[in-house]
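Participant: Here you go, sequence then predicted model.
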Amino acid sequence: MRLTHPYLLLTLAMVFFSGNFIVGKAFAGEVPPFTLAWARFLIGTVVLLPLCYKTLIRNRQLWLDKWLPLTGIAFFGVFLFNVALYVSVHYTTTINASIVDALTPAVAAVLGYFFLKERLTLIQSSGVILSFCGILLLLSGGSLAVLRSLSFNIGDLIMLAGIICWAIYSILIKLYGHEYPVIAGLVMTFIIGVLMLFPFVLYEWRAGLPFSFKLATIGAFLYVGIFPGALALLCWYRGVAAIGPSKASIFFNLVPVFTTLFAIVLLGESAGWFQLFGGTIVLGGVYLSTIQPKKEEASDLVT
């Protein structure tokens with residue numbers, strides 16, 4: 001398989017996205033969440049800027065005229081989702097967080113039904129219900145007592161809130177994404193997100209939150225900025241252009257698989273039966289919920 005084969009590019013993108021969960025968990029006690037998110041998109045901007053700086057300059061008026069949708073995209077997709085991801089892994093395992101994250105297409109389908117009037121087929125509706133059943137099993141840890149008391153893990157709930165933000169981001173992309181050049185528009189959302197995050201970064205520093213600035217921390221910053229922040233997106237767009245978004249979106253089911261493997265090997269986490277069974281149910285439901293009866297439409301996803 002050649003290095004530019006779309007399946008290989010999409011698989012690499014999922015590997016890079018999975019590493020984002022691992023870094024977030026590994027440095028949860030050493031780098032505050034806003035700081036890590038800020039570093040990711042600041043470095044990602046620097047890496048992608050050489051590819052689109054002429055387009056950015058040439059479209060100055062577009063950014064001014066269409067600033068509101070762009071700000072909304074950055075707020076939900078760059079700011080809220082990534083902060084939720086990095087905060088959630090302070091309280092839950094990376095395995096749980098990645099499985100909850102896999103629910104995103106199903107949540108997007110539900111929101112699309114209510115806000116975009118998109119039709120859900122019987123198969124898609126069944127997939128959504130199945131996915132939520134799997135997440136309920138995961139959140140409860142397989143315990144009926146937890147279900148009865150509704151005492152879910154706060155980290156899982158934060159991640160769940162994060163994917164709702166990501167689903168809103170996806171809807172905004174579907175509504176307004178076509179108005180912006182692809183890479184340049186992405187970088188503009190990064191820049192806006194960096195500006196949104198910076199006041200909270202200052203607060204984290206002034207509040208004296210744990211922050212260990214050492215060689216390993218620099219490596220973490222470079223990883224989240226270069227790989228999930230930049231290279232994964234380039235692989236994703238090349239893959240989508242080659243095989244289409246509907247087929248490409250199936251590759252996101254690999255994220256919890258890779259994350260689980262990395263978490264077991266690198267972090268020493270273990271997967272219980274409810275995680276394996278619940279994750280399988282979620283992935284199966286997501287697959288059903290993403291079956292498109294009509295012509296596939298492009299979508300932009302960042303994890």
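Facilitator: In hand now; what should we look at? Residues are numbered from 1 along each chain as shown.
Participant: didn't Lys174 look like it was pressed against Leu111?
Facilitator: No. Using C-beta atoms under 8 Å, Lys174 is not in contact with Leu111, being 10.4 Å away. C-beta here means a position set from N, CA and C on the backbone, and glycine is covered the same way.
Participant: list the residues that contact both of those two?
Facilitator: The contact sets of Lys174 and Leu111 do not overlap (C-beta atoms under 8 Å, 6 or more residues apart in numbering).
Participant: Return the per-residue confidence for the residue nearest to Val78 when sequence neighbours are not counted.
Facilitator: Excluding its sequence neighbours, the residue lying closest to Val78 (C-beta to C-beta, 6 or more residues apart in numbering) is Gly193, at 3.0 Å. We have a pLDDT of 97 for Gly193.
Participant: Give me the distance between Gly193 and Ser170.
Facilitator: 16 Å (C-beta to C-beta, to the nearest Å).
Participant: give me the number of residues near Pro50?
Facilitator: 8 (other C-beta atoms under 10 Å).
Participant: and if you look at the one 3 residues further on?
Facilitator: Taking other C-beta under 10 Å as the criterion, the count of residues near Tyr53 is 12.
Participant: quick one, helices of the stretch 51-200 of the chain?
Facilitator: Applying DSSP state H, counting those that start in this stretch to the stretch 51-200 of the chain gives helices spanning 60-65, 67-73, 81-88, 94-101, 104-115, 122-140, 144-149, 154-176, 182-206.
Participant: I'd like the average pLDDT over the helix or strand following the longest one.
Facilitator: Using DSSP states H and E, the helix or strand that follows helix 182-206 in sequence is helix 215-226. Helix 215-226 shows an average pLDDT of 95 in the prediction.
Participant: Can you give me the buried ones in helix 215-226?
Facilitator: Residues of helix 215-226 classed as buried: Thr217, Ala220, Phe221, Tyr223, Val224, Gly225, Ile226 (neighbour count, 16 or more other C-beta atoms under 10 Å).
Participant: just curious, which of those is nearest to Ile135?
Facilitator: Val224 (25.4 Å; C-beta to C-beta).
Participant: Quick check: the closest one touching Ala39?
Facilitator: Yes. At 6.7 Å, Val224 counts as touching Ala39 under the criterion of C-beta under 8 Å.
Participant: show me the contacts for Trp205.
Facilitator: Counting by C-beta under 8 Å, 6+ apart, Trp205 has contacts Thr35, Phe211.
Participant: From Thr35, how far out is it?
Facilitator: 8 Å.
Participant: Need the residues touching each of those two.
Facilitator: Phe211.
Participant: For the nearest residue to Phe27 once chain neighbours are set aside, give me its contacts.
Facilitator: Counting by C-beta to C-beta, 6+ apart, Phe27 lies nearest to Ala220, which is 5.1 Å off, once chain neighbours are set aside. Ala220 makes contact with Val23, Ala26, Phe27, Val31, Leu36 under the criterion C-beta under 8 Å, 6+ apart.
Participant: Output the below-cut-off pLDDT ranges for the protein.
Facilitator: 1-3, 139, 141-151, 244-247, 290, 292-303 (pLDDT under 70).
Participant: check contacts around Leu120.
Facilitator: Each residue near Leu120 by C-beta under 8 Å, 6+ apart is listed here: Ala109, Val110, Tyr113, Val128.
Participant: Count the neighbours of the nearest residue to the second one once chain neighbours are set aside for me.
Facilitator: Closest residue in space to Val110, ignoring its immediate chain neighbours: Val128 at 5.9 Å, by C-beta to C-beta, 6+ apart. Using other C-beta under 10 Å as the criterion, Val128 is surrounded by 22 other residues.
Participant: Can you tell me how far Val128 is from Gly162?
Facilitator: 18 Å.
Participant: Likewise for Leu288?
Facilitator: From Leu288 to Gly162 the distance is 23 Å (C-beta to C-beta).
Participant: between these two, which one's more packed in?
Facilitator: Neighbour totals were compared for Leu288 and Gly162, and Gly162 leads with 24 against 20 (other C-beta under 10 Å).
Participant: residue contacts, the more buried one?
Facilitator: Leu80, Phe81, Val83, Ala84, Leu85, Ser88, Asp101.
Participant: Next, work out how far apart Thr260 and Leu276 are.
Facilitator: Relative to Leu276, and taking C-beta to C-beta, Thr260 is found at 8 Å.
Participant: Gly44 is in what secondary structure piece?
Facilitator: Going by DSSP H and E, Gly44 is in helix 33-58.
Participant: oh, I was asking about Leu9
Facilitator: helix 6-26.
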